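Student: only geometry, no sequence info:
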């Protein structure tokens, strides 16, 4: 791959906008959403308010076209959407003479350009004239991009593919890692290294599984909402409260987290029988930055405890895992125990708790011949009409003040004639014995 080494550098937004940028015919239309545009404004303005020396906006891949030895044009191969949005923002801030905006954008780009112009105009008009001037100066001088240039169009495409096609390996948890690292602007490098080292030491498939099959569904189910289809589009649920957020609710939660950290490191925690205060709750917001990494490690360890508890308490035939439906039910059981332990403490999981939660989960297995993710989701939010309709246990437990309340929940019984498969006769007999059916 032929990269132009003397052009490989970090440049300011002002330097980027002074390059002879061109939109090649093969580029897709400008389609950045209002949500992405608003996020770009909020992130850069937030960085300005924090006084960050340099705020990196990613990279641009350019194909340098040599018309003669004194004049170059630079085709935007990758980064067109973000660069165009920056150009619109600077235009709104008063920078009217921009080369990029004089380009011939495709007709299908015009609606997005106009809509984002109106949005950014509204956001900028919220600032005083002096604030607009200072923010514009920060945007031009302190916001930077990595400039990657090649003199071969083919090489530009290949590099684009290597960054994006293979970049499909960037899973939601990878994106979350990058996001929360950016929030750690004032934390020491040593802390970042330690947290990332702990993160990278984790099994990455297990990490993906943790978010997809446990954390995302649970935080949705406790609110009686759909917990399906976790993807990169849903990572906002794990971005948490930004360090720059000063609203009442955010100050309260940030102060709570600081108190718990200080309490656990001050020696005061020795007065507690448990040794230290529990630091996290799935029903409470995450604090962006280092707390997110600690939060993830905490729930990874707690899930491992839950799985070990199930393995030691149950016989193998009581938690089958060969069929796909069996795996979904087992994950539901693990998620339910995880949430119970999160709310009341792992040490409160006794036989009666195991019996009640197991009964709720595996009653669905007994009643259903086939189990799909949609089946689990519907049951978890109390909307499955085959059994325990209205018994949305995640939501119910989220409002309990004492674990003893769990024992007052009456679950529907299953008759032997309800069994959809003789393979689960042993499970039926076990539940029948526990519940006195």
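Tutor: That came in fine, so what should we check first? These numbers come from a predicted model, not from an experiment.

Student: other SSEs contacting the strand or helix carrying residue 85?
Tutor: Residue 85 belongs to helix 80-92 when elements are defined using DSSP states H and E. Of the remaining helices and strands, those touching helix 80-92 by 3 or more Cβ pairs under 8 Å, 6 or more residues apart in numbering; DSSP states H and E are helix 13-17, helix 34-50, strand 55-68, helix 110-125, helix 129-141. In short, each C-beta sits where N, CA and C put it, glycine included.

Student: who does the second one touch, helix- and strand-wise?
Tutor: When contacts are defined as 3+ Cβ pairs under 8 Å, 6+ apart, helix 34-50 packs onto strand 55-68, helix 80-92, helix 110-125, helix 129-141.

Student: pick out the shakiest of those, pLDDT-wise.
Tutor: Lowest mean pLDDT within the helices and strands packed on helix 34-50: strand 55-68, at a mean of 84.

Student: can you list contacts of that strand?
Tutor: Identification of contacts with strand 55-68 by Cβ atoms under 8 Å, 6 or more residues apart in numbering yields 4, 7, 10, 13, 16, 19, 21-22, 24, 43-44, 47, 72-79, 82-83, 86, 142-153, 156, 159-160, 163.

Student: do the same with stretch 86-95
Tutor: 13, 16-17, 40-41, 57, 98, 100-101, 113, 116-117, 120-121, 124, 132, 135-136, 139-140.

Student: ChimeraX command to pick out the buried ones of the residues you listed?
Tutor: This is how ChimeraX selects the buried members of the contacts of stretch 86-95, with burial counted by 16 or more other Cβ atoms under 10 Å:
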select :13,16,17,40,41,57,98,100,101,113,116,117,120,124,132,135,136,139,140
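
Student: looking at the helices and strands packed on helix 80-92, which is closest to residue 292?
Tutor: Smallest distance to residue 292 across the helices and strands packed on helix 80-92 (Cβ to Cβ): 16.4 Å, for helix 34-50.

Student: ok, and for that closest one, which residues are buried?
Tutor: For helix 34-50, burial by neighbour count (16+ other Cβ under 10 Å) applies to 37, 40, 41, 43, 44, 45, 46, 47, 48.

Student: now pLDDT and distance to residue 257 too, for these, in JSON lines please.
Tutor: Formatted as JSON lines, those follow (pLDDT from 0 to 100; distance: Cβ to Cβ, whole Å):
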{"residue": "37", "pLDDT": "94", "distance to residue 257": "31"}
{"residue": "40", "pLDDT": "94", "distance to residue 257": "28"}
{"residue": "41", "pLDDT": "96", "distance to residue 257": "27"}
{"residue": "43", "pLDDT": "93", "distance to residue 257": "22"}
{"residue": "44", "pLDDT": "95", "distance to residue 257": "26"}
{"residue": "45", "pLDDT": "96", "distance to residue 257": "24"}
{"residue": "46", "pLDDT": "93", "distance to residue 257": "19"}
{"residue": "47", "pLDDT": "93", "distance to residue 257": "22"}
{"residue": "48", "pLDDT": "95", "distance to residue 257": "25"}
